[in-house]
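>>> Need the 3D shape of this:
(one chain, ligands or ions: 2)
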Amino acid sequence: MPTARFQIGDTVMGRWPGSNLYYEVKVLSYDNKTRLYTVIYKDGTELELKESDITSLTIFKQGVSRSRSRSRSRSPGRPRRSRSRSPARTSRQSSSRTTDVRKEKLKEALEVRLTPVVKRLEKTETESENQAGGRYNLRRRKDQGDGKTVELEQKTETETLPQTKPPTASAIKTTDLEFGGRVGVFFLMFLLPVAVLALLILGGQKDASLQSFPLELPALQSLWDCQVFGIVLLWLLFQAVLSLLPVGKLVEGMPLKNGKTLKYRINGFYALLLTAVAVGVAMYQEGDLSYIHAHFLQFYTSALLIVTLLSIYLFIRSRWASEDELAPGGNSGYIIYDFFMGRELNPRIKNFDIKFFCEMRPGLMGWVLINFAMLQAEMKHQNLENPSPAMLLVNIFQLLWVVDGFWHEEKLLTMMDIVYDGFGFMLTFGDLAFVPFTFTCQAYYLVSHPNELSAFWIITLITMNGVGYYIFRKANSQKFAFRKNPSDPAVSHLKTIPTATGESLIVSGLWGWVRHPNYLGDIIMGLAWSLPCGFNHLIPYFYLIYLITLLVHRNARDEHQCRKKYGSAWDEYCKAVPYRIFPGIY
Ligand SMILES: NC(=O)C1=CN([C@@H]2O[C@H](COP(=O)(O)OP(=O)(O)OC[C@H]3O[C@@H](n4cnc5c(N)ncnc54)[C@H](OP(=O)(O)O)[C@@H]3O)[C@@H](O)[C@H]2O)C=CC1
Ligand SMILES: CC(C)CCC[C@@H](C)[C@H]1CC=C2C3=C(CC[C@@]21C)[C@@]1(C)CC[C@H](O)C(C)(C)[C@@H]1CC3
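Ligands and ions are numbered 1, 2, ... in the order given. This next block holds a predicted model:
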C-alpha cells in the first residue's frame with residue numbers, strides 16, 4: 001500500500017504542467033490508486049500531480065539558494081542574462097514562451113489533468129488588491145516595485161535545480177505531424193509552387209476568370225531567363241549586404257533551449273530607405289522597372305530555383321546541427337516532412353541569420369519593388385500619364401503595411417515563426433516566392449485589368465484600410481506593451497485574467513472584443529487591398545483568401561498552445577471573450 005509523502009493541507013511547491021516552473025500549492029487530497037495528488041494553485045487552478053512533480057518548500061528553497069550561489073561563483077559580476085534580454089519581451093515571458101515551446105513538442109513525461117475549479121476575473125486594480133488574500137495575485141506582485149525581479153529570478157534559478165532539469169535534447173522528436181503528415185507535405189510541396197504559377201499565368205491574361213483556365217499556357221523556354229536569374233541573385237546579395245551593415249541596434253532574441261540567446265541586427269528600416277535610394281538612382285539612370293512585369297514568370301521561376309537550392313542546403317547543413325539547435329516541429333525523422341518543415345531553428349553563417357533575413361528582407365522589399373514596377377507597367381500598358389487611383393491605393397496601402405513591419409522589426413523575434421518554426425522549404429518558399437509573387441497579385445492584376453474608382457469608393461477604401469490598420473497596430477502594440485510591462489500607464493487600465501504561469505491575459509479593450517483583434521485588423525486591410533480591383537475576378541482576392549485561411553489555422557494552433565499553457569485561465573478568457581477573430585462568430 002503506497003503511502004503519501006505529503007499530507008493534506010501541506011503547502012508545497014508544485015510543478016506547472018509541461019514546464020520547469022514551480023509554484024506554491026496546497027495539497028487537497030491523495031489518490032492511493034492513481035498515486036496522484038490533487039493540489040490547488042493560488043489562482044484557484046486544481047491539478048493532479050505526480051509525487052515527482054512536487055517538492056517540499058524547504059528543499060525547494062535550499063535548491064534555489066544553492067543554485068544561486070553556484071551561478072554567482074561561476075560568473076562573478078556577470079549581469080543576469082534574464083535582465084538584459086531582448087527588449088521585445090520581458091525575460092519572465094520569454095522563459096515561459098520557451099517552456100511553452102518545449103511543452104508543445106518535447107513530449108514531457110508529465111501527465112496532469114486540468115480541473116478548473118475556482119475562476120476569478122481580475123477586474124480592477126483595487127478590487128484585485130482587496131482580493132489578494134491568500135490567492136496568487138499576479139497583478140499586485142508586478143506592481144510591487146521589485147516583485148517582478150523576484151519572480152523572474154526564481155524562475156531562472158528554478159531551471160537550474162537538479163529535479164527540474166529539462167529533458168535531454170536527444171529526447172526531441174516530432175511526433176505530432178502537421179499538414180497531413182508526410183503525404184500531405186509531399187503534395188503541398190508540389191501544389192504550392194504550381195498554384196502560384198497558375199495564379200501568375202491567369203493574372204497576366206486578359207480574361208483572368210477562372211473559367212478561362214488553363215488558357216494560353218506559356219512555352220517552357222519562356223519560363224527561364226539567365227539574366228533574370230542574375231538579377232534575382234544580385235537582389236539577394238544587395239539585401240544581404242544591407243542587413244549586415246553595422247547600423248541599427250543589436251538586440252537579443254528569445255532564449256533558446258540551451259539557455260543561450262542570439263543577437264540580431266535590427267536595421268530593416270534603414271535598409272528600406274537605402275533600397276529606395278538605389279531604386280531612385282536606377283530610375284534616374286533610365287532604368288525601366290516595367291521589365292519586372294514583362295518577365296514576371298521568369299522572376300518567379302528564378303526565385304523558385306533559389307528556394308529549392310536553399311532548402312536543400314538548409315536540410316544538408318542541419319545534419320551537422322546539434323540536437324538543441326533543431327526546431328521542435330521539424331525533427332520527425334521523415335526526410336520529406338523535415339525537409340518541408342525545416343530541421344534547424346536558426347540556421348546561421350557566422351552572424352548572418354538566414355531565417356530572420358529571408359523572413360523580413362528580400363521578400364518584403366521585393367513586394368514593394370514589384371508593386372512599384374507594376375505601377376510603371378500600368379502607365380506604360382494603358383498609356384497613362386499618372387497611375388490609376390486603384391493602383392495608387394494598392395501601392396500606398398501595402399507600402400504602409402511593409403513600412404510598419406520594418407518599423408516594428410524586432411517584434412518579429414517573439415513570433416512563432418522565429419521562436420518555434422524550423423527553416424525549411426515551407427518558410428523559404430513562403431518568404432522568397434509566396435510573399436513577393438502573390439502579395440502583389442492586386443497590382444499585377446491591375447496592369448491589364450483597369451478598374452475605375454469613384455470618389456466615394458476611394459474614401460470608403462481609405463477609411464477601411466485606416467480602420468483595419470488602427471485595429472491591427474493598436475492590438476499588437478497593446479499586447480506587446482503589456483507583456484513588456486503590465487504596469488505601463490498605456491495598458492495598466494486594462495482588465496486582465498491572472499494565470500498560474502505568472503502572465504495575465506488582457507480581457508478588455510480590443511482583446512476583450514475578440515480573441516485575435518490583430519488578425520481582424522489584418523483581414524480588414526486585406527479586404528481594402530483587394531476591393532480596388534473590382535468584382536470581376538477572383539485573382540485579386542487571392543491574398544485575402546490566403547490570409548483568412550492562414551490566420552484561421554494560426555488562430556487554432558495558437559489557441560491550442562494557449563489552452564495548454566494557461567489551462568483554466570484560458571477557458572475563462574474564452575468564456576469572457578467568446579469570439580475568435582470576427583465579432584459575432586464563435
Ligand atoms: N499577412 C500575413 O501573411 C501574416 C500576418 N500576421 C500578423 O502578424 C501579427 C502577429 O501574429 P501572431 O504572432 O500569429 O499572433 P499574436 O501576435 O496574436 O500572438 C498570439 C499570442 O499572444 C498572446 N495572447 C493571446 N491572447 C492574449 C491576451 N488576451 N492577452 C495577452 N496576450 C495574449 C499569447 O502568447 P503569450 O501569452 O505567450 O504572450 C498568444 O500565443 C498579427 O497581426 C497577424 O495578423 C501573421 C502571420 C501572417
Ligand atoms: C502557403 C505558404 C507557404 C505559407 C507561407 C506563410 C508565410 C508567407 C507567412 C507566415 C507568416 C508570415 C509573416 C510575415 C510575412 C509572411 C509570412 C512569412 C511578416 C513577417 C510580414 C511583416 C509583418 O509586419 C509581420 C507581422 C512581422 C509578419 C509576420 C508573419
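>>> For the rest of this, base every contact and every neighbour count on C-alpha atoms.
OK.
>>> got the residues of the stretch 251-400 of the chain near ligand 2?
Contact residues (CA under 6 Å from any ligand atom) of the stretch 251-400 of the chain with ligand 2: E359, M360.
>>> For the stretch 1-150 of the chain, give me the ranges with low pLDDT.
Low-confidence segments of the stretch 1-150 of the chain (pLDDT under 70): 1-3, 17-20, 43-44, 59-150.
>>> And for the chain?
Low-confidence segments of the chain, defined by pLDDT under 70: 1-3, 17-20, 43-44, 59-172, 208-215.
>>> for it, longest strand please?
In the chain, with assignment by DSSP state E, the single longest strand is strand 22-31.
>>> Tell me which residue in this protein sits closest to ligand 2.
G405 (3.3 Å; CA to the nearest ligand atom).
>>> Could you verify that that residue is part of a strand?
No. Under DSSP: H, G, I helix; E, B strand; the rest coil, G405 falls outside any strand and is assigned helix.
>>> Can you give me the neighbour number for it?
17 (other CA atoms under 10 Å).
>>> try G248
Considering only other CA under 10 Å, G248 is surrounded by 15 other residues.
>>> In contact with it, which residues?
Shown in contact with G248 (CA atoms under 8 Å, 6 or more residues apart in numbering): R265, I266, N267, Y270.
>>> ok, 7 Å please
R265, I266, N267 (CA atoms under 7 Å, 6 or more residues apart in numbering).
>>> how about it, phi and psi?
phi 90, psi 160 (degrees, to the nearest 10).
>>> ok, now the one 3 residues further on?
Here is the backbone geometry of V251 (degrees, to the nearest 10): phi -120, psi 160.
>>> Residue nearest the middle of the protein, spatially speaking?
M415 (2.9 Å; CA atoms, centre = their mean).
>>> sec struct for the nearest residue to N331 once chain neighbours are set aside, please.
Distances taken as CA to CA, 6 or more residues apart in numbering place T174 nearest to N331, at 5.1 Å, with adjacent residues excluded. Following three-state DSSP, we place T174 in the coil state.
>>> Dihedrals phi and psi, T174?
The phi/psi pair for T174 (degrees, to the nearest 10) is phi -80, psi 120.
>>> How much space separates it from I40?
Applying CA to CA, to the nearest Å, the value for T174 to I40 is 32 Å.
>>> Same check on L520?
Taking CA to CA, one finds L520 at 37 Å from I40.
>>> and L217, that's in a helix?
No. According to three-state DSSP, L217 belongs to no helix; its state is coil.
>>> any idea which element the residue nearest to it when sequence neighbours are not counted lies in?
Among residues not flanking L217 along the chain, I201 sits closest, at 7.4 Å (CA to CA, 6+ apart). Per DSSP states H and E: I201 is located in helix 181-204.
>>> which residues sit against that helix?
By CA under 7 Å, 6+ apart, helix 181-204 touches F179, A208, L297, I336, Y337, F340, T438, Y444, Y445, S448, I539.
>>> rewinding a little: mind listing what the longest strand of the chain pairs with, with the direction of each?
Strand pairing for strand 22-31, using DSSP bridges, gives strand 11-15 (antiparallel), strand 36-41 (antiparallel).
>>> Need those strands in CSV (columns: distance to ligand 2).
Shown next, in CSV, are these (distance: least, CA to the nearest ligand atom, whole Å):
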stretch, distance to ligand 2
strand 11-15, 33
strand 36-41, 35
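>>> Let me have those strands in JSON lines, adding mean neighbour count and distance to L192 as columns.
Below are those laid out as JSON lines (neighbours: other CA atoms under 10 Å; distance: least, CA to CA, whole Å):
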{"stretch": "strand 11-15", "mean neighbour count": "23", "distance to L192": "43"}
{"stretch": "strand 36-41", "mean neighbour count": "23", "distance to L192": "47"}
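>>> Assign the closest residue to ligand 1 within the stretch 201-350 of the chain to helix, strand or coil.
Nearest residue of the stretch 201-350 of the chain to ligand 1, counting by CA to the nearest ligand atom: M254, 11.9 Å away. Here M254 is recorded as coil under three-state DSSP.
>>> Tell me the residues on the stretch 451-586 of the chain that lie near ligand 1, please.
472, 479, 505-507, 511, 516, 518-519, 522, 547, 558, 562.
>>> so which of those residues comes closest to W320?
D558 (30.7 Å; CA to CA).
>>> got the buried residues for the helix or strand hosting that closest one?
In this structure, D558 sits in helix 542-566 according to DSSP H and E. Neighbour counts over helix 542-566 (16 or more other CA atoms under 10 Å) mark 542-544, 547-548, 551-552, 555, 559, 561, 564-566 as buried.
>>> which residues are in contact with that helix?
Applying CA under 7 Å, 6+ apart, the contact partners of helix 542-566 are D100, T438, F439, T499, A500, T501, Y519, I523, G526, L527, W570.
>>> Walk me through the domains of the chain.
The chain breaks down into these domains under the TED database: 10-60, 179-449.
>>> can you redo those domains as TSV with distance to H493?
Below are these laid out as TSV (distance: least, CA to CA, whole Å):
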stretch	distance to H493
domain 10-60	21
domain 179-449	23
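>>> Can you say which of the ones you listed is packed in most?
Of the domains of the chain, the one with the most neighbours on average (mean count of other CA atoms under 10 Å) is domain 10-60, at a mean of 20.
>>> what's the residue nearest to E344 when sequence neighbours are not counted sitting at in phi/psi?
Closest residue to E344 apart from its sequence neighbours, by CA to CA, 6+ apart: L326 at 4.4 Å. Here is the backbone geometry of L326 (degrees, to the nearest 10): phi -90, psi 150.
>>> Tell me who's in contact with L326.
L326 makes contact with R343, E344, L345 under the criterion CA under 7 Å, 6+ apart.
>>> 10 Å instead, please
Neighbouring residues of L326 by CA atoms under 10 Å, 6 or more residues apart in numbering: 169, 172-173, 257, 318-319, 342-347, 420-423.
>>> For the longest strand of the chain, output the C-alpha coordinates as PDB.
C-alpha atoms of strand 22-31 as PDB (Å, rounded to 0.1, in the frame of the first residue of the first chain):
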ATOM      1  CA  TYR A  22       7.300  25.600  -9.600                       C
ATOM      2  CA  TYR A  23       4.500  27.400  -7.700                       C
ATOM      3  CA  GLU A  24       3.300  27.300  -4.200                       C
ATOM      4  CA  VAL A  25       0.300  24.900  -4.000                       C
ATOM      5  CA  LYS A  26      -1.800  23.300  -1.300                       C
ATOM      6  CA  VAL A  27      -2.300  19.600  -1.100                       C
ATOM      7  CA  LEU A  28      -6.100  18.800  -1.200                       C
ATOM      8  CA  SER A  29      -6.100  15.100  -1.500                       C
ATOM      9  CA  TYR A  30      -4.100  12.000  -2.400                       C
ATOM     10  CA  ASP A  31      -5.400   9.100  -4.500                       C
END
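>>> chain center to it, what's the gap?
35 Å (CA atoms, centre = their mean, to the nearest Å).
>>> Over to stretch 555-564?
13 Å.
>>> quick one: is it near ligand 2?
No. Stretch 555-564 is not in contact with ligand 2 by CA under 6 Å from any ligand atom; minimum separation 12.3 Å.
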